[in-house]
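Asker: give me the fold of what follows.
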Amino acid sequence: MNKNTFTTVKLAKGEMNIYDFGGIKLHAYKTNDFIDDEVFIIEKNGKAVIIESPCFFDNIKELTEYLNGVEVKGVLIAYHGAGAAFLPNVPKYATQNARDYSENGGGKALVDNFTSTFGEIFDSSIHKITNVIGEGKVTIGGIDFEIKQTAEAFDIVISEINAVYTHMLGHDCHSIVAGAGHADGIIAELHSYIEKGYDLILTSHYTPEDLKDAQTKIDYLENLKKIAANCADADTFKTEVQKEYPAYSGQNYLEMTAGFFFA
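Answerer: Below is the predicted model:
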């Protein structure tokens, strides 16, 4: 499936890009919110499983209305634990470490930060996990998912559509990179995607991407390490990265990356 082979449904705030695989569909919801969230709906035989949750109240309302008439069998809550007003009576699935991340760890810290930044338009309530899952295969609503635990939460392989979900990629935007070691870990993971030949890479903050985009990100991360090795401080590092990638979005992520490389 080509990443550009979809039909678009324009909504009041966001938009839905729909990939039709025949017996199964992927609905990629671009929220157009302040943190560029994406939510993914896997639909098969009138039933659906959702990956991640919108966290702004207007998006929660919009997506809930879009799902009218679809039987949602579960929501996989990996990296985005906020937004518990979304489908409160539907089972929520997560690994134990993802639950800890959202309730007490780095995810909760991000939610607190977003709450202070965005105020009442942001749903800071944390989803209550009803089904704790482990690594390996889990079947929800007749759809098979392969769960791979990560340091913070978990990634998901959806073999029926030859796709993988992870937190971040973004081939033309900066990412949060917590130092050279973290960069190497991301690079290794992206190389594994290329080796496995996934058609689509789904992420929480970008439209679906492909393996060319994965290679672009690998090249960016390798260069990021080189730039950091030749800089003495965070400000110089940021200036040099901006020179190399003037059109990249995500300046706030670059700011955080500089803080990690030059703590």
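Asker: right, and residue 144 touches residue 136 too?
Answerer: No: applying CB atoms under 8 Å, one finds residue 144 not in contact with residue 136, separated by 10.6 Å. Quick note: C-beta positions are derived from backbone N, CA and C, even for glycine.
Asker: show me whatever sits in contact with both of those two.
Answerer: The overlap between the contact sets of residue 144 and residue 136 (CB atoms under 8 Å, 6 or more residues apart in numbering) is empty.
Asker: can you give me the strands for the chain?
Answerer: The residue ranges that make up the strands of the chain, judged by DSSP state E, are 7-10, 15-20, 24-30, 38-44, 47-51, 71-76, 92-94, 131-132, 136-140, 143-149, 154-158, 163-166, 200-203, 206-209.
Asker: the shortest one packs against which elements?
Answerer: Here strand 131-132 is seen to pack against strand 92-94 when contacts are counted using 3 or more CB pairs under 8 Å, 6 or more residues apart in numbering; DSSP states H and E.
Asker: so what touches the strand it packs on?
Answerer: Contacts of strand 92-94 (CB under 8 Å, 6+ apart): 74-78, 102, 127-133, 138, 140, 153-154.
Asker: give me the number of residues near residue 136?
Answerer: For residue 136, the number of neighbouring residues by other CB atoms under 10 Å comes to 10.
Asker: could you shift the numbering so residue one becomes 33, and keep it that way?
Answerer: Got it, the first residue is 33 from now on, which makes the last one we talked about residue 168.
Asker: that one and residue 186, how far apart?
Answerer: As judged by CB to CB, to the nearest Å, residue 168 and residue 186 stand 11 Å apart.
Asker: same question, residue 95
Answerer: With the distance defined as CB to CB, residue 95 ends up 22 Å from residue 186.
Asker: residue 254 now?
Answerer: Looking at residue 254 against residue 186, where the rule is CB to CB, the gap reads 26 Å.
Asker: ok, the two, which is more surrounded?
Answerer: Set side by side, residue 254 and residue 186 show more neighbours around residue 186, with 26 against 13, by other CB under 10 Å.
Asker: enumerate every residue touching that one.
Answerer: Listed by CB under 8 Å, 6+ apart, the contact set of residue 186 reads 110, 126, 127, 129, 130, 167, 179, 180.
Asker: once you drop chain neighbours, what's closest to it?
Answerer: Computed as CB to CB, 6 or more residues apart in numbering, the closest residue to residue 186 that is not its neighbour in sequence is residue 127, at 4.7 Å.
Asker: who are the contact partners of that neighbour?
Answerer: Under the contact definition (CB under 8 Å, 6+ apart), the residues listed for residue 127 are 164, 165, 166, 167, 179, 181, 185, 186.
Asker: report the separation between it and residue 264.
Answerer: Taking CB to CB as the measure, residue 127 and residue 264 are separated by 40 Å.
Asker: got it, and residue 198?
Answerer: The separation that residue 198 has from residue 264, given CB to CB, amounts to 33 Å.
Asker: distance from stretch 235-254 to the middle of the chain?
Answerer: 12 Å (CA atoms, centre = their mean, to the nearest Å).
Asker: again, but for stretch 174-184
Answerer: On CA atoms, centre = their mean, the centre of stretch 174-184 falls 13 Å from that of its chain.
Asker: any chance you could list what contacts that stretch?
Answerer: Residues external to stretch 174-184 that are found in contact with it (CB under 8 Å, 6+ apart): 56, 74, 76-77, 79, 81, 108, 111, 127, 129-130, 133, 137-139, 165-171, 186-192, 198-199.
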